[in-house]
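Asks: My questions concern the predicted model and sequence given below.
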Amino acid sequence: MNTSLRCLLSLIIITSLTACNENSSDPIGASAADTTKPQIRFIDEAFAGFIKPPLTGEVAISVTPFPENKITANDDSGTAILAITKVTGLNKSQVSISSDNTISFNNITANTPVGVGHITLRATDKSGNFSENEMFFSILPNIVQTPINIKKGESITIKYSVLPNIDSVLITQPIHASGISASAYLANSELFITFTANNDATVDNLNTIQSEVTLSDSKLDDTLTHSISLMLAL
């Protein structure tokens, strides 16, 4: 091979290598951009717990219903940061998430409306990728903590505030009670329940019955069922 041909081949090889380096958009050693969204997981289920407000006249309380129900948020780049972005059923300021990812509820008063609320959680990783998931919680009426006394021939009406999204109510009486009826209706975000005991009312179980109340939100398909204790006076 003569000198001219060798020079020509060398020039072609050098030119080709230079073109490859100029056209490469991924230099050797560069890492691909992180686009993986973090995943939010619950140890048990997406339920933050029952909230039992204090009785009328008592001070506001803060509660952590399920301290063991830790929430995790991870992806392939490591642990993500969790934050609360939206709350329904309570003010956002009343719900907090701790450094170990447990949910707490703050400034719960006796007038806190009853129903089912939701918490939207957002997990963000160090690359700015994020994902969202939702938890729910239930607020019980404080009247479930004390029995209601009723006499034969008497009617008693109780009421308490419910969340605006509650649009139906069902009340069921136990079969071991006779002569005690119950009715319920919703008006202006309040639930009214009337119990009536006729003169022949009887209760088989220590003169105490448990009336079951079911509140529903038909749009979100949420339901909350709780019991009200009723004691028939002798």
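Replies: In hand now; what should we look at?
Asks: Please export the C-alpha coordinates of the longest strand along the chain as CSV.
Replies: When the chain is parsed with DSSP state E, its longest strand is strand 190-203. Only the C-alpha atoms of strand 190-203 are listed here, as CSV (Å, rounded to 0.1, in the frame of the first residue of the first chain):
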residue,chain,number,x,y,z
GLU,A,190,-78.1,18.9,60.3
LEU,A,191,-79.5,15.5,61.2
PHE,A,192,-82.7,15.3,63.3
ILE,A,193,-83.6,11.9,65.0
THR,A,194,-86.8,11.4,67.0
PHE,A,195,-87.3,8.4,69.3
THR,A,196,-90.8,7.6,70.5
ALA,A,197,-91.7,5.1,73.3
ASN,A,198,-95.3,4.2,73.6
ASN,A,199,-96.9,3.2,76.9
ASP,A,200,-96.4,-0.5,76.3
ALA,A,201,-92.7,-0.2,75.2
THR,A,202,-90.5,-3.1,76.3
VAL,A,203,-86.8,-3.9,75.9
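Asks: and the next helix or strand after it, what other elements does it pack with?
Replies: Using DSSP states H and E, the helix or strand that directly follows strand 190-203 along the chain is strand 208-217. Helices and strands touching strand 208-217, by 3 or more C-beta pairs under 8 Å, 6 or more residues apart in numbering; DSSP states H and E, are strand 115-124, strand 168-172, strand 177-187, strand 190-203, strand 222-232. All C-beta atoms are positioned from the backbone trio N, CA, C, and that covers glycine.
Asks: Sheet partners, orientation included, of the helix or strand just after the first one?
Replies: So the one you mean is strand 115-124. Helices and strands here follow DSSP H and E; after strand 115-124, the next one along the chain is strand 130-139. Taking DSSP bridges as the criterion, strand 130-139 forms sheet pairs with strand 47-51 (parallel), strand 115-124 (antiparallel).
Asks: can you pull up the bridge partners for Tyr160?
Replies: Beta bridges link Tyr160 to Leu191, judged by DSSP bridges.
Asks: Quick check, it in contact with Ser189.
Replies: No - applying C-beta atoms under 8 Å, one finds Tyr160 not in contact with Ser189, separated by 10.2 Å.
Asks: Neighbour count for the two, which is higher?
Replies: Tyr160 (19 against 14; other C-beta atoms under 10 Å).
Asks: Give me the nearest residue to the spatially most central residue of the chain, chain neighbours excluded.
Replies: Geometric centre of the chain, nearest residue: Phe136, 1.6 Å, by C-alpha atoms, centre = their mean. Distances taken as C-beta to C-beta, 6 or more residues apart in numbering place His118 nearest to Phe136, at 5.1 Å, with adjacent residues excluded.
Asks: hang on, isn't that neighbour packed against Glu134?
Replies: Yes - His118 is within contact range of Glu134, at 5.6 Å (criterion: C-beta under 8 Å).
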